[in-house]
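K.L.:
Next comes the sequence, and after it the predicted model I'd like to discuss.
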Amino acid sequence: MRNSRVWIRRSWVVVAAAFYACGGSGVDRPPTIEAYGLTVESERLGNSLNVLNYSDYIAPALVERFEQEYHVDVIVDFFDHNDAMIAKLLAGGIGQYDVVIAADYAVQILAGRQLLQPLDHSNLPNLANINPRFLNLPFDPGNTYSAPYQWGTTGLGIRVDRVDTTRALDTWALVFDSAASLGPFTMLDEPRETIGAALKYLGHSVNSRDPKELEAAQNLLTQQRRRVLAYASATGGRDLLASADAVVVHGYNGDIVLTKDEVPDIVFVVPREGSIVWTDNMTVPVRAPHRYTAEVFINFVLAAEHGAALTNYTRFASPNAAALPHIEPAIRRDPALFPPEEVLERLEILEELGEARALYDRVWTRVVAGGRGN
């Protein structure tokens, strides 16, 4: 089960941390390490690397390979969503972590608050492997602060063995219109995603700054709240879908596709009203203890075979063009993971909202304040 895999992943980190604390990586490094297009100066490498990432979002074998090749101990910590990650950094984590995985708009927020270090592109030759479509995006022009990690879309996962499939399934109406409901459903416990879904259903941009449009989204979400089974994390939603406690879940494409390994009767749809396309990125905080090691790690992840290993494990799409030939064919051909152009055309990237962020905070607080109704 997926819960077991997450538990194993967390246990592996704890065991590895304990092993390395006892000198597990005490191997003399050669003066330089030639690998993945980069000459690494061993004396500049730290003994450890601290990574902050979503749960279950990196292949353990990839981490182990980096540790073995560079004799660096990697410790991975987790967060559930971007707001939690930003809060963690502001609460003192900014001086604790070397690499932080951040969504597009979160990069913009962190950079705007001067919490990220500019990347030294001379240490990132494998940035050339990235599909130009995922470079120089509005949230980080010139990739000054970020390197693409994974990308995907947000939509609905549906248990087609438990619902009426003669009805249209590619619509947000399944969660926003009581007359169209197929049964118990969850929404993401991620304010920008869930408010964004309501905005798209109403025909607005996910980045709307219009108070009237946001009030309409708030009203829609407040009406919906009585029927929501749970505001769930991505992993929580997919577990409820796997168990059929929910028959529709608002979630990320890779999570839904991965759940199909357990329950084949699951589909992922991008609602026809539109949705969100996102890019997760590797960043280095301003007070990262091991900046050079962080950039060596980022370049390592950007190698073609490593980008493929990441996608083969997570089931999220790779922005790495050089990785595509190494990705498992069934994954590469899955339109739920690599959607066609006509689907991409109706998707939006989340943007930093500036002063309008307070409007979204107020909407979310009012929606969830009363908890789930009866």
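P.N.:
Cool, the structure landed.

K.L.:
which residues in the stretch 101-250 of the chain form helices?
P.N.:
Remark: helices assigned in the stretch 101-250 of the chain by DSSP state H, counting those that start in this stretch are 104-112, 173-176, 191-201, 211-225, 234-243.

K.L.:
The residue lying closest to residue 233 once chain neighbours are set aside: neighbouring residues, count only.
P.N.:
Nearest residue to residue 233 in three dimensions, chain neighbours excluded: residue 80, at 4.8 Å (CB to CB, 6 or more residues apart in numbering). Bear in mind the C-beta positions are built from the backbone N, C-alpha and C, glycine included. Number of residues near residue 80 (other CB atoms under 10 Å) recorded here: 16.

K.L.:
Likewise for the one 4 residues further on?
P.N.:
Residues within reach of residue 84, counting by other CB under 10 Å, total 14.

K.L.:
how near is it to residue 189?
P.N.:
Counting by CB to CB, to the nearest Å, the gap from residue 84 to residue 189 is 10 Å.

K.L.:
my guess is residue 158 contacts residue 185, does it?
P.N.:
No - the pair residue 158 / residue 185 is not scored as a contact, 9.3 Å apart, by CB atoms under 8 Å.

K.L.:
joint contacts of the two?
P.N.:
Contact criterion CB atoms under 8 Å, 6 or more residues apart in numbering; residues shared by residue 158 and residue 185: 174, 247, 248.

K.L.:
any idea which of those is closest to residue 342?
P.N.:
residue 174 (20.8 Å; CB to CB).

K.L.:
Can you give me the pLDDT of that closest one?
P.N.:
Predicted confidence (pLDDT) for residue 174: 98.

K.L.:
tally of neighbours for it?
P.N.:
23.

K.L.:
so what's it up against?
P.N.:
The neighbourhood of residue 174, defined by CB under 8 Å, 6+ apart, consists of 156, 158, 180, 181, 182, 185, 248.

K.L.:
Which of those sits closest to residue 99?
P.N.:
Out of the contacts of residue 174, the member with the shortest distance to residue 99 (by CB to CB) is residue 156, at 31.5 Å.

K.L.:
Show which residues not belonging to the helix or strand harbouring residue 342 make contact with it.
P.N.:
Per DSSP states H and E: residue 342 is located in helix 341-344. For helix 341-344, the surrounding residues in contact (CB under 8 Å, 6+ apart) are 153, 270, 277, 335.

K.L.:
Surely residue 367 touches residue 223?
P.N.:
No - the criterion here is CB under 8 Å, and residue 367 misses it with residue 223 at 10.0 Å.

K.L.:
Give me the more crowded residue out of these two.
P.N.:
Per other CB under 10 Å, whichever of residue 367 and residue 223 has more neighbours is residue 367, with 23 against 13.

K.L.:
now for the strand ranked longest in the chain, which elements pack on it?
P.N.:
Longest strand in the chain, counting residues (DSSP state E): strand 147-159. Packing partners of strand 147-159 (3 or more CB pairs under 8 Å, 6 or more residues apart in numbering; DSSP states H and E): helix 173-176, helix 191-201, helix 234-243, strand 248-252, helix 253-259, strand 266-269, strand 275-283, helix 304-314.

K.L.:
Show me which residues of that strand are buried.
P.N.:
147-159 (16 or more other CB atoms under 10 Å).

K.L.:
Check stretch 292-305 too.
P.N.:
Neighbour count says stretch 292-305 has 292-304 buried, by 16+ other CB under 10 Å.

K.L.:
what do you get for stretch 102-115?
P.N.:
102, 103, 104, 105, 106, 107, 108, 109, 110, 111, 115.

K.L.:
of all the residues you listed, which two lie farthest apart?
P.N.:
Within the buried residues of stretch 102-115, two members stand farthest from each other by CB to CB: 104 and 115, at 15.6 Å.

K.L.:
For PyMOL, what selects the buried ones among the contacts of residue 174?
P.N.:
Remark: buried members of those, expressed as a PyMOL selection using 16+ other CB under 10 Å:
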select buried, resi 156+158+181+182+185+248
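
K.L.:
Closest one to residue 143 out of the contacts of residue 174, please.
P.N.:
When these are compared against residue 143 (criterion: CB to CB), the nearest one is residue 156, at 31.5 Å.

K.L.:
wait, what's in contact with the closest one?
P.N.:
Applying CB under 8 Å, 6+ apart, the residues near residue 156 are 169, 172, 174, 175, 248, 249, 250, 251, 268, 269, 271.

K.L.:
Now flag whichever of those is closest to residue 323.
P.N.:
So of the contacts of residue 156, ranked by how close each gets to residue 323 (CB to CB), first place is residue 268, at 21.5 Å.

K.L.:
Tell me the spacing between the residue most central in space within the chain and residue 293.
P.N.:
Compute the mean C-alpha point of the chain, and by CA atoms, centre = their mean the closest residue is residue 280, 5.2 Å away. Counting by CB to CB, the gap from residue 280 to residue 293 is 20 Å.

K.L.:
likewise residue 359?
P.N.:
Distance of residue 359 to residue 293, computed by CB to CB: 40 Å.

K.L.:
Can you tell me the closest non-neighbouring residue to residue 175?
P.N.:
residue 185 (5.1 Å).

K.L.:
what about that neighbour, distance to residue 254?
P.N.:
Going from residue 185 to residue 254 by CB to CB gives 19 Å.

K.L.:
How about residue 245?
P.N.:
21 Å.

K.L.:
who's more crowded, those two?
P.N.:
Between residue 245 and residue 254, counting by other CB under 10 Å, residue 254 is the more crowded of the two (24 against 15).

K.L.:
so who does the closest residue to the more buried one other than its chain neighbours touch?
P.N.:
Once flanking residues are discounted, residue 254 sits nearest to residue 316: 3.5 Å by CB to CB, 6+ apart. Neighbour list for residue 316: 150, 151, 152, 252, 253, 254, 337 [criterion: CB under 8 Å, 6+ apart].

K.L.:
surely the second one meets residue 279?
P.N.:
Yes - if you go by CB under 8 Å, residue 151 and residue 279 touch, sitting 4.6 Å apart.
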